[in-house]
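Enquirer: Give me a model of this one.
(one chain, ligands or ions: 1)
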Amino acid sequence: MNKKLWTPDAKRIAEAPITAFMQAVEREHGVAFNGEYRQLHRWSVEQPAAFWQAVWDFAGVEASSRGDAVLENPDALPGARWFPGAELNFAANLLRYRGEQTALVSLLENGERRTWSRDALYREVARVAAGLRDAGVQPGDRVAGFLPNIAETVVAMLATASLGAVWSSCSPDFGINGVLDRFGQIEPRVLFAADAYYYNGKTCDCLERVQAVCREVPSIETVVIVPLVGDRDISRAHPDAIDFAAFGDAQASDIDFASLPFDHPLYIMYSSGTTGVPKCIVHGAGGTLLQHLKEHRLQVGLGEGDVFFYYTTCGWMMWNWLVSGLACGATLLLYDGSPFARDGHLLLDAIDREGINVFGTSAKYIAALEKAGHRPRESHRLDSLRSVLSTGSPLSHESFDYVYREFRQELCLSSISGGTDILSCFVGGCPILPVYSGEIQAAGLGMAVEVWDDSGRPVVGEKGELVCTRPFPSCPLGFWNDDDGSRFHDAYFATWPGVWAHGDYAEVFAHGGFVIHGRSDAVLNPGGVRIGTAEIYRQVERIDEVLESVVIGQDWQDDVRVVLFVVLREGVVLDEALVDRIRRTIRENTTPRHVPARVLQVADIPRTISGKIVELAVRNVVHGRPVKNTDALANPEALSLFANRPELQD
Ligand SMILES: CC(=O)CC(=O)O
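Expert: Purely as a prediction, here's the structure:
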């Protein structure tokens, strides 16, 4: 049993929205959960129609019609239809809180800070929606954003959604081919972009790439530029480019929200694209809204007036997830720039200055803060902080310990996991459950998550595939340009028809907690023993000299051998003593099978633009195989560090 690090006290449990939700369901349905999350979870997957209707009612979804049925075709995954008679608008739900309270704080790494009240946000969306309407945008048309994480991006997305059009975004650090691989497939009519953005002390121009996108994507008819840096000629992007501030109708004070079926498309998201052209994943408005409301209200405990932050770019699904926080009446803190700006103090300062209640980040950020020696509880007050959320990769035990030791004891640290494919989480947090070191607290309500062995049997306390066995509202509508649904089927349902196989190698414990041991396709297989890559990272992270690592299985003499690459602190050289220490740490805490046959130093590790290390690309390079799509990488040049390594030839 992993160490218990936090237990919610009676006050916290009483005040959590999930407690009120549980009581409302008990009253309405004559059931008794005895305050137990697991009982509520069981009911939520056994009674999906009653559960999702209860979420709708509890969260107060705004709709012109809810229809009579909640779930049609209830056993079909994919194919179940949620709220088939409902009509709603996603943006109307995110803009339903009005008044002078702050809706958005937009912060840049140079310290520039702007705020929008709820009413000001509404007016801005009205103005931009009028511009889109004048540009001829209709329900179902695509509008693309090549934008930093700033308030204008939220405005453009909401204006798009208000018309029932489809929003799709890339962050401005994407290279031209990466943008074309994405927007080229979905044929947007309108492109929003920034002139430039700031990252790590540098000003990075966008206009040249915007010009190339406009040239190569002939569907783009209207180009709107946010002059974020403001010192350049926006006509470089397109001769008819419009300044964001001049776009639309400044007199528009009302939004005519298009009321559309529950399943109308809202977002197109992209798979990472590391194995070929990215898949365009289409998500529906109602499913996204309901799932995010459930996760924010019940699994995080977000409420009106809370200050909600997630470190993300607009090229990662956590941006879409963050923005839905408006539907709970939260104030969103948007940040664009390096998370380590001002020696790592900028975001920590923001916790105190903005009064952040929910701070979302990645496992990598937490590990890096620890490696850099930050002790936030000594340098900052942090008294507003109620929850810390982490995703992107498994959060190690050491990082759990670090957050409780060096941030605050009185917080719920929730590692959450799902992904772009479902725009939400399969497993994640719960404010009324304890936190155990290294564990994700629980399966999400309404998500029939299990871990299956190779023969498709559910297992507990053993590693296997993370699956979801029943329909859920945030199941994507499908892939763009996949009329017969075959690519969609192959991506998730090929192993077990009717069951979503997520591609995570995971474990569930008897008390309901989960561990993700890595991606299934990156599992190491020395001597036929399956090892998740996170099992190795967890040990390597303990070594102070190691900043980052990537582990792969190299085909070797009819078997597989484990090869570990490490990035070391500046000035440290990998000598025999350090290799021994790394191996010993791994052996003492795992099994001899986990111990790498080779440990090699590299200067950098390739990762996607949203920061995930790409184990498969490294494995391909080591085996002399081509890497299909280097445009998906933030630092493709790092791949060459793994090619033709003499140490791997014998
Ligand atoms: C929720 C997530 O799973 C986000 C991610 O890691 O992509």
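Enquirer: Got the phi and psi for Gly60?
Expert: phi 70, psi 50 (degrees, to the nearest 10).
Enquirer: just how off-centre is stretch 160-176 within its chain?
Expert: Computed by C-alpha atoms, centre = their mean, to the nearest Å, the chain-centroid distance of stretch 160-176 equals 16 Å.
Enquirer: for that stretch, which positions count as buried?
Expert: Under the neighbour-count criterion of 16 or more other C-beta atoms under 10 Å, stretch 160-176 has 160-175 buried. In short, each C-beta sits where N, CA and C put it, glycine included.
Enquirer: Just the CA atoms of it, as CSV, please.
Expert: C-alpha atoms of stretch 160-176 as CSV (Å, rounded to 0.1, in the frame of the first residue of the first chain):
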residue,chain,number,x,y,z
THR,A,160,-16.8,30.8,-32.9
ALA,A,161,-18.8,28.5,-30.6
SER,A,162,-21.6,31.1,-30.2
LEU,A,163,-22.3,30.7,-33.9
GLY,A,164,-22.1,26.9,-33.7
ALA,A,165,-18.9,26.9,-35.7
VAL,A,166,-15.9,24.7,-34.9
TRP,A,167,-12.8,26.0,-33.2
SER,A,168,-9.3,24.5,-33.6
SER,A,169,-6.1,25.9,-32.3
CYS,A,170,-2.3,25.5,-32.6
SER,A,171,0.2,27.2,-30.3
PRO,A,172,2.4,29.7,-32.1
ASP,A,173,5.6,27.7,-31.4
PHE,A,174,4.5,25.2,-34.1
GLY,A,175,6.6,25.3,-37.2
ILE,A,176,5.0,25.9,-40.5
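Enquirer: quick check, it touching the ligand?
Expert: No. Remark: stretch 160-176 sits outside contact range of the ligand, by C-beta under 6 Å from any ligand atom, the gap being at least 13.8 Å.
Enquirer: Rounded mean pLDDT for that stretch, please.
Expert: Stretch 160-176 carries an average pLDDT of 96.
Enquirer: Ok, stretch 9-26 next?
Expert: 98.
Enquirer: Report how far apart the opening and closing residues of that stretch are.
Expert: Start and end residues of stretch 9-26 are separated by 22 Å (C-alpha to C-alpha, to the nearest Å).
Enquirer: Over to stretch 274-294?
Expert: So stretch 274-294: terminal residues 31 Å apart, C-alpha to C-alpha.
Enquirer: Spell out which parts of this structure neighbour the ligand.
Expert: Checking the chain against the ligand by C-beta under 6 Å from any ligand atom, the hits are Met317, Met318, Thr391, Gly392, Ile416, Ser417, Gly418, Gly419, Thr420, Cys425.
Enquirer: Of those residues, which is the most crowded?
Expert: Cys425 (27 neighbours; other C-beta atoms under 10 Å).
Enquirer: Is the residue nearest to that residue when sequence neighbours are not counted in a helix, a strand, or coil?
Expert: Distances taken as C-beta to C-beta, 6 or more residues apart in numbering place Gly418 nearest to Cys425, at 3.6 Å, with adjacent residues excluded. Classification of Gly418 using DSSP: H, G, I helix; E, B strand; the rest coil returns strand.
Enquirer: For Trp452, grab the count of nearby residues.
Expert: Trp452: 20 neighbours (other C-beta under 10 Å).
Enquirer: Quick check: it vs the ligand, distance?
Expert: Taking C-beta to the nearest ligand atom, to the nearest Å as the measure, Trp452 falls 19 Å from the ligand.
Enquirer: What of His29?
Expert: Taking C-beta to the nearest ligand atom, one finds His29 at 30 Å from the ligand.
Enquirer: one step back: which one of the buried residues of stretch 160-176 sits closest to Asp306?
Expert: Ala161 (22.4 Å; C-beta to C-beta).
Enquirer: Skipping adjacent residues, who's closest to the closest one in space?
Expert: Ala91 (4.0 Å).
Enquirer: Against which helices or strands is the helix or strand hosting the one you found packed?
Expert: Per DSSP states H and E, Ala91 falls inside helix 90-94. Counting contacts by 3 or more C-beta pairs under 8 Å, 6 or more residues apart in numbering; DSSP states H and E, helix 90-94 packs against helix 151-162, helix 285-293.
Enquirer: In three-state terms, label Ala491 for me.
Expert: Quick answer, by three-state DSSP: Ala491 is helix.
Enquirer: Pull the residues that contact stretch 11-18.
Expert: For stretch 11-18, contacts defined as C-beta atoms under 8 Å, 6 or more residues apart in numbering pick out 8, 19, 35, 37, 40, 58, 297-299, 301-303, 430-432.
Enquirer: and those residues, which are buried?
Expert: Among the contacts of stretch 11-18, those classed as buried by 16+ other C-beta under 10 Å are 8, 19, 37, 40, 58, 297-299, 301-303, 430-432.
Enquirer: which among those residues gets closest to the ligand?
Expert: Gln299 (11.4 Å; C-beta to the nearest ligand atom).
Enquirer: quick one, what contacts Tyr37?
Expert: Here Tyr37 is in contact with Ile18, Cys430, Ile432, Leu433, Ala442, Gly512 (C-beta under 8 Å, 6+ apart).
Enquirer: same thing with Leu298?
Expert: Applying C-beta under 8 Å, 6+ apart, the residues near Leu298 are Pro17, Ile18, Phe21, Val55, Leu445.
Enquirer: could you dump the residues you listed to CSV with distance to Arg487 and secondary structure?
Expert: Listed next are the contacts of Leu298 as CSV, based on distance: C-beta to C-beta, whole Å; DSSP: H, G, I helix; E, B strand; the rest coil:
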residue, distance to Arg487, secondary structure
Pro17, 38, helix
Ile18, 37, helix
Phe21, 37, helix
Val55, 30, helix
Leu445, 30, coil
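Enquirer: Any of the residues you listed buried? List them.
Expert: Among those, the ones that count as buried (16+ other C-beta under 10 Å) are Pro17, Ile18, Phe21, Val55, Leu445.
Enquirer: Scan this structure for its longest helix.
Expert: helix 118-134 (DSSP state H).
Enquirer: where in the stretch 1-150 of the chain is pLDDT low?
Expert: Applying pLDDT under 70 to the stretch 1-150 of the chain picks out no residues at all.
Enquirer: coming back round to it: am I right that the residue nearest to Cys425 is in contact with Val427?
Expert: Yes. Assessed by C-beta atoms under 8 Å, Gly418 is found in contact with Val427 at 7.4 Å.
Enquirer: what sits in contact with each of those two?
Expert: Contacts common to Gly418 and Val427, judged by C-beta under 8 Å, 6+ apart, are Gly444.
Enquirer: so who does Met157 touch?
Expert: Gly145, Trp167, Ser169, Val323.
Enquirer: Repeat that for Asp575.
Expert: Per C-beta under 8 Å, 6+ apart, neighbours of Asp575: none.
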